[in-house]
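# I would like to see how this sequence folds:
(one chain, ligands or ions: 1)
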Amino acid sequence: MSRSYYIAGNWKMHKTRAEAAELAKALVSQLKDGKHRYLVAPSFTLIETVASIVKGSNIRLGAQNMASEEQGAHTGEVSVLQLKDLGVQTVILGHSERRHNYKEDDALINKKVKLALKHGLEVILCVGELLEEREAGKAEQVCETQVVKGLEGVPAAELAHIVIAYEPVWAIGTGKTATPEDADVIHAFVRKLIGKLYGADAAERITIQYGGSVKPDNAAQLMAKENIDGALVGGAALKTDTFVPIALFA
Ligand code: PEP
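Predicted coordinates:
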């Protein structure tokens, strides 16, 4: 099995340009010998600043969202062309905050996924169940729907540019983490589903990150699980003190 670990920081709606520059510079320096793959996803207004700092480093540049249309009359939106122009390489789509607070549905997310791929961006597609869905025994069903609908019309040849992030909504920003065992059950389920949709090789190759209150003291146990290939980190990505130990976990 040759999947490499992929640790991504989602900075959400935090930081000014000066603060973002300071964090990005510290990460470039402290992760330069890191063995895993890395990404930071700052707010749109910070991307240009961060781009100039991470350029040429081992840290990829991500965005947290993008419009479902290429360009046009879409006040307040940011297009794939504008992201590419700034050097963005990866876009996070379907984050639970987009799904639940901004009512993005699977059809809209799927449109964004296909548009991002068409323009050569890597996609981190987030999926995950609400607490009431988990308690009703529907976690797998919810993730299946989000994966199947999110990837509808995505050909096998494009799957190398897709990363899936399993982020149980009840664990995001709450300090509650899924146990490594519970997380791995869903990761294994999603991998099997990718196998059904795209074949065994694709299932073996796809990177599935875990997200939901990943911290320096739980990262290694989560990453030790067979089907957990990295982390999508929110709160702990905002400081080197917490992100660097996660990124350099052994
Ligand atoms: C996230 O927003 O993707 C996330 C996992 O946040 P946190 O690490 O703060 O739970």
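
# C-alpha from now on. contacts and neighbour counts both.
Will do.

# where are the low-confidence patches of the chain?
1 (pLDDT under 70).

# need the contact list for the closest residue to residue 37 other than its chain neighbours.
Distances taken as C-alpha to C-alpha, 6 or more residues apart in numbering put residue 6 closest to residue 37, at 4.5 Å, once the chain neighbours are dropped. Residue 6 is in contact with 36, 37, 38, 39, 207, 209, 229, 230, 231, counting by C-alpha atoms under 8 Å, 6 or more residues apart in numbering.

# could you check how far residue 6 is from the ligand?
14 Å (C-alpha to the nearest ligand atom, to the nearest Å).

# beta partners of that residue?
Here residue 6 sits in beta bridges with residue 37, residue 230, going by DSSP bridges.

# and if you look at the one 4 residues further on?
With DSSP bridges as the criterion, the beta-bridge partners of residue 10 are residue 41.

# close to the ligand, is the helix or strand containing residue 217?
According to DSSP states H and E, residue 217 maps onto helix 216-223. No: judged by C-alpha under 6 Å from any ligand atom, helix 216-223 makes no contact with the ligand; its nearest approach is 11.0 Å.

# other residues contacting that helix?
Contacts for helix 216-223 (C-alpha under 8 Å, 6+ apart): 179-180, 183, 210, 228-231, 242-243, 245-246, 249-250.

# where along this structure do the strands fall?
Using DSSP state E, the strands of the chain run over residues 6-10, 37-41, 59-63, 90-93, 122-127, 162-166, 207-211, 230-233.

# the second one and the ligand, any residue contact?
Think strand 37-41. No: legend: contact between strand 37-41 and the ligand by C-alpha under 6 Å from any ligand atom is lacking; minimum distance shown is 10.4 Å.

# so how far is that strand from its chain's centroid?
Offset of strand 37-41 from its chain centre (C-alpha atoms, centre = their mean, to the nearest Å): 9 Å.

# what helices and strands are in contact with that strand?
strand 6-10, strand 59-63 (3 or more C-alpha pairs under 8 Å, 6 or more residues apart in numbering; DSSP states H and E).

# check the longest one too.
Of the remaining helices and strands, those touching strand 122-127 by 3+ C-alpha pairs under 8 Å, 6+ apart are strand 90-93, helix 106-118, helix 139-150, strand 162-166.

# and the fourth one, by the same measure?
Using 3+ C-alpha pairs under 8 Å, 6+ apart as the contact criterion, the neighbours of strand 90-93 among helices and strands are strand 59-63, helix 106-118, strand 122-127.

# what about residue 155, how many neighbours?
11 (other C-alpha atoms under 10 Å).

# one more: residue 78?
Neighbour number of residue 78 under other C-alpha under 10 Å is 17.

# surely it meets residue 66?
Yes: using C-alpha atoms under 8 Å, residue 78 is in contact with residue 66, at 5.5 Å.
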